[in-house]
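Chemist: coords below, sequence missing:
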């Protein structure tokens, strides 16, 4: 049972490495403008996620303060 778990995890790691290598090749084949556009889009998405997380944390703190 333990060995199955270990080997499954290793298989997933190998798949991720292959995907990352493949993505790196695709990334380098893009033009500078395309890479910049994709990078900006990714940064905006992560910023939206961070802002949503912060707002939910603030709401939780407000709820906790009201209970006390």
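Modeler: Yep, it's here. Fair warning: this is a prediction, and the values are worked out from it, not measured in the lab.
Chemist: Which helix runs longest in this protein?
Modeler: helix 32-67 (DSSP state H).
Chemist: Please work out how many residues are found near residue 41.
Modeler: Other residues lying near residue 41 total 10 when counted by other CB atoms under 10 Å. For the C-beta atoms, the positions are set from N, CA and C on the backbone; glycine is no exception.
Chemist: what sits against residue 55?
Modeler: Listed by CB atoms under 8 Å, 6 or more residues apart in numbering, residue 55 has no contact partners.
Chemist: what pLDDT does it get?
Modeler: On pLDDT, residue 55 comes in at 93.
Chemist: again, but for residue 6
Modeler: pLDDT for residue 6: 54.
Chemist: give me the low-pLDDT residue ranges for this protein?
Modeler: 1-22 (pLDDT under 70).
Chemist: Kindly provide the distance from residue 48 to residue 24.
Modeler: Going from residue 48 to residue 24 by CB to CB, to the nearest Å gives 25 Å.
Chemist: ok, back up a step: using neighbour counts, pick out the buried residues of the longest helix of the chain.
Modeler: By 16 or more other CB atoms under 10 Å, helix 32-67 has no buried positions at all.
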